[in-house]
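> pasting the structure only:
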């Protein structure tokens, strides 16, 4: 009748936080623009190069904003943070760039395009391309890597769940700019996202 915490990700009884998003949405209706900022935890082993089990998250909420306003905010916010880090955290970024180079030295050269600082500068210096999921699928389906079988996950058409290799192709090869994709099919979105 006892719980075996050794089977769980944290290995002990753990309390997790929840998002302040619902409260933030209410506050935005009276104040116009707000944000919440706090720790976030996932209760599964999601420590990958793309996901963390623990992190701090900022959640802006804006009353009467549409998708374009949301994309503008995301782009402006990312560029501001990156420029700030490049100007004020040079030593930390150089340390992280060196660490990344060590981790990636055994990867094939085509997978090592830019170092960390170059990637950050790339995002800061370029306007983001905005396109729909459908437009992205058409580009990927008709791309050379897809036609020549170079993608590990072939793009066959609408409903394909995009992988890192597809995202990298769009950003690094096709547009040579950061990309925001919209209008994903309901079937491949998380259950908590509006369809």
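Looks like it came in fine. The structure presented is a predicted model; accordingly, all values stated were derived computationally and were not measured.

> pLDDT below threshold where in this structure?
Along the chain, the parts satisfying pLDDT under 70 run over 43-50, 110-112, 190-195.

> could you redo the last one with a cut-off of 90?
For the chain, the stretches with pLDDT under 90 are 1-23, 25, 37-58, 100-115, 159, 164, 186-195.

> confirm that residue 56 sits in a strand.
Yes - per DSSP: H, G, I helix; E, B strand; the rest coil, residue 56 lies within a strand segment.

> make sure it is actually in contact with residue 38.
Yes - counting by CB atoms under 8 Å, residue 56 touches residue 38, with 6.7 Å between them. (C-beta placed from N, C-alpha, C; glycine too.)

> what about these two, which has more around it?
More crowded of residue 56 and residue 38, by other CB atoms under 10 Å: residue 38, with 12 against 9.

> note down every partner strand of the helix or strand harbouring that one and its orientation.
Assigned by DSSP states H and E, residue 38 belongs to strand 33-41. Paired neighbours of strand 33-41 in the sheet (DSSP bridges): strand 54-62 (antiparallel).

> buried sites along the strand it pairs with?
By neighbour count with 16 or more other CB atoms under 10 Å, strand 54-62 contains the buried residues 60-62.

> what does stretch 22-34 contact?
35-36, 59-63 (CB atoms under 8 Å, 6 or more residues apart in numbering).
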